[in-house]
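A.B. asks: Generate a structure from the sequence data that follows.
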Amino acid sequence: MRGSLTVATIFGTKVRVHFTFALLLIWVGAIQFGQGGWAGAFAGIAFILALFACVVAHEFGHILTARRYGIVTRDMILLPIGGLARLEHIPRIPQQELLVALAGPMVNLAIAAVLLILVGGFPESGWQSLIDPEAGFLDRLALANLLIAMFNMLPAFPMDGGRVLRALLAFRIDHGQATRIAANIGQGIAFAFGLLGLLGGNPLLIFIALFVYLGAGAEAMMGRLQHAVEGYLAGNAAITSLERLTPDQRIAEAADMLIRTTQKELPVVDGTGRFRGLVTADGLVKGLREHGSEGAIDDIMQTDIATIAADAPLADCLARMQDGGKPAVAVTGRDGSLTGLVTMENLSEFMLLRSAASGSQRAIGA
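C.D. replies: Next up, the predicted model:
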């Protein structure tokens, strides 16, 4: 994500912090300074940092559980509204998705339990301690972790509870239908939050309602796309007639290839035909400016492009493209050699043609 800075690498996953997180610290520090001077400002910032350390632990609950099922996580990003672990894809097996979704809130519950034991139990003033600056640091942190766990278990996307609900539904019905039902429930909850926020004059509830509604809508759209490609393989939608580059070719040769073909993405392979990277039109223009026409393809190709086997489900290909935000996915044969590319453009055309064909068959059958 643009505007983020890598601050650490934990268990092989990069931890990034978005610049808006610094704005949150400044805002909290300014408010606390007005109430308690420098001591109050430092205490407020320290609490936010401790709270977000718990958020990082929450996200690594998801990350490490997903890793058990072979799902890698490129990075996680800290934002003012929380953390975002970018899994390569969401598990499609209900039991796996259930465990991955539950892992994050369980970490927060475990942290809260340890802290409450350390402070001798639940604070006498209850939840009021969470907003009481005179309350103990550990008391507030324990309550905050309980609140994070409870909020994340709301049965609405994009919270963990939405994924838990979908996983439970998917034990009985297909994944696409489970996604649609869970998304509809999430949008219903968002509508209720928005109504309560408007009636009660609570802008925070309105913000949460908007966040949940958009998240549920995005998940529903993803579910419809996955349903459309159900039953097809990555090789079915791949562009197989491709011009290829090698890492030691000149940028000028890539420019010529881009002009004389209809390709917008140029795959780069080694001497054995194995995929090495991808050159896009935008990357080529940037490369010409920075390296000139005599520069090497190796200097401008994108190497973080996902690869997928030709006989893998097309739904997995779609998930990798959407989660990674990359222009294409490389499709490989059993020997690891490049057999084709799947881009969003040709994937859209593939789904459009399949939809038209199925509609025609239904009309004939009628």
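A.B. asks: Show me which residues of stretch 332-347 are buried.
C.D. replies: Going by neighbour count (16 or more other Cβ atoms under 10 Å), the buried part of stretch 332-347 is Thr332, Leu338, Thr339, Gly340, Leu341, Val342, Thr343, Leu347. For the C-beta atoms, the positions are set from N, CA and C on the backbone; glycine is no exception.
A.B. asks: and those, which of them are in strands?
C.D. replies: Of these, the ones assigned to strands by DSSP state E are Thr332, Leu338, Thr339, Gly340, Leu341, Val342, Thr343.
A.B. asks: a markdown table for the buried residues of stretch 332-347, including pLDDT and distance to Pro94?
C.D. replies: A markdown table is the format used below for those (pLDDT from 0 to 100; distance: Cβ to Cβ, whole Å):
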| residue | pLDDT | distance to Pro94 |
| --- | --- | --- |
| Thr332 | 89 | 29 |
| Leu338 | 91 | 34 |
| Thr339 | 90 | 31 |
| Gly340 | 89 | 31 |
| Leu341 | 90 | 31 |
| Val342 | 88 | 26 |
| Thr343 | 85 | 30 |
| Leu347 | 80 | 26 |
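A.B. asks: hmm, back to that, show me which of the ones in strands among the buried residues of stretch 332-347 is closest to Gln249.
C.D. replies: Leu338 (15.5 Å; Cβ to Cβ).
A.B. asks: quick one, strands of the stretch 51-200 of the chain?
C.D. replies: Assigned by DSSP state E, counting those that start in this stretch, the stretch 51-200 of the chain shows strands spanning 73-79, 82-87.
A.B. asks: Can I get the last one as CSV, trimmed to CA atoms?
C.D. replies: The one in question is strand 82-87. Extracted in CSV, the C-alpha atoms of strand 82-87 (Å, rounded to 0.1, in the frame of the first residue of the first chain):
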residue,chain,number,x,y,z
GLY,A,82,-6.5,-1.3,12.9
GLY,A,83,-4.3,-3.9,11.2
LEU,A,84,-4.6,-5.6,7.8
ALA,A,85,-2.9,-8.9,7.1
ARG,A,86,-2.8,-9.4,3.3
LEU,A,87,-3.1,-13.2,3.0
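A.B. asks: which secondary structure elements does that strand contact?
C.D. replies: Secondary-structure packing of strand 82-87 (3 or more Cβ pairs under 8 Å, 6 or more residues apart in numbering; DSSP states H and E): helix 19-67, strand 73-79, helix 314-324.
A.B. asks: related to what we said a few turns ago, list just the nearest of the ones in strands among the buried residues of stretch 332-347 to Phe19.
C.D. replies: The closest of these, once distances to Phe19 are taken by Cβ to Cβ, is Thr343, at 31.0 Å.
A.B. asks: so how far is Ile239 from the closest one?
C.D. replies: Counting by Cβ to Cβ, to the nearest Å, the gap from Thr343 to Ile239 is 7 Å.
A.B. asks: again, but for Leu23
C.D. replies: Counting by Cβ to Cβ, the gap from Leu23 to Ile239 is 43 Å.
A.B. asks: So what's the residue count around the closest residue to Ile48 other than its chain neighbours?
C.D. replies: Distances taken as Cβ to Cβ, 6 or more residues apart in numbering place Val28 nearest to Ile48, at 5.3 Å, with adjacent residues excluded. Neighbour count of Val28, defined by other Cβ atoms under 10 Å: 17.
A.B. asks: quick one: contacts for Val28?
C.D. replies: Gly44, Ile45, Ile48 (Cβ atoms under 8 Å, 6 or more residues apart in numbering).
A.B. asks: pretty sure the last one is in contact with Leu24, am I right?
C.D. replies: It stands for Ile48. Yes. Ile48 is in contact with Leu24 according to Cβ atoms under 8 Å; the separation is 6.9 Å.
A.B. asks: Give the burial count for the closest residue to Gly292 other than its chain neighbours, as a bare number.
C.D. replies: In space, and not counting its chain neighbours, Gly292 is closest to Ile251: 7.2 Å by Cβ to Cβ, 6+ apart. Taking other Cβ under 10 Å as the criterion, the count of residues near Ile251 is 23.
A.B. asks: Quick check: which ranges of the stretch 51-200 of the chain have low pLDDT?
C.D. replies: Within the stretch 51-200 of the chain, the stretches with pLDDT under 70 are 88-89, 129, 131, 133.
A.B. asks: So which residues of the stretch 251-366 of the chain form helices?
C.D. replies: 251-260, 281-291, 314-324, 344-365 (DSSP state H, counting those that start in this stretch).
A.B. asks: Can you tell me which of those is most buried?
C.D. replies: Of all those, helix 314-324 carries the top mean neighbour count, a mean of 21, counting by mean count of other Cβ atoms under 10 Å.
A.B. asks: tell me what that helix is packed against?
C.D. replies: Right, helix 314-324 is packed against strand 82-87, helix 203-228, helix 234-237, strand 307-309, strand 328-332, strand 338-343, helix 344-365 by 3+ Cβ pairs under 8 Å, 6+ apart.
A.B. asks: I'd like these as TSV, with distance to Ala53 appended.
C.D. replies: Output for the helices and strands packed on helix 314-324, formatted as TSV (distance: least, Cβ to Cβ, whole Å):
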stretch	distance to Ala53
strand 82-87	10
helix 203-228	23
helix 234-237	39
strand 307-309	35
strand 328-332	35
strand 338-343	39
helix 344-365	37
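A.B. asks: Can you flag the weakest of the ones you listed by average pLDDT?
C.D. replies: Per-stretch mean pLDDT for these is lowest at helix 344-365 (a mean of 65).
A.B. asks: and the helices of the stretch 251-366 of the chain as a markdown table, adding distance to Leu130?
C.D. replies: Putting the helices of the stretch 251-366 of the chain into a markdown table (distance: least, Cβ to Cβ, whole Å) gives the following:
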| stretch | distance to Leu130 |
| --- | --- |
| helix 251-260 | 57 |
| helix 281-291 | 47 |
| helix 314-324 | 34 |
| helix 344-365 | 44 |
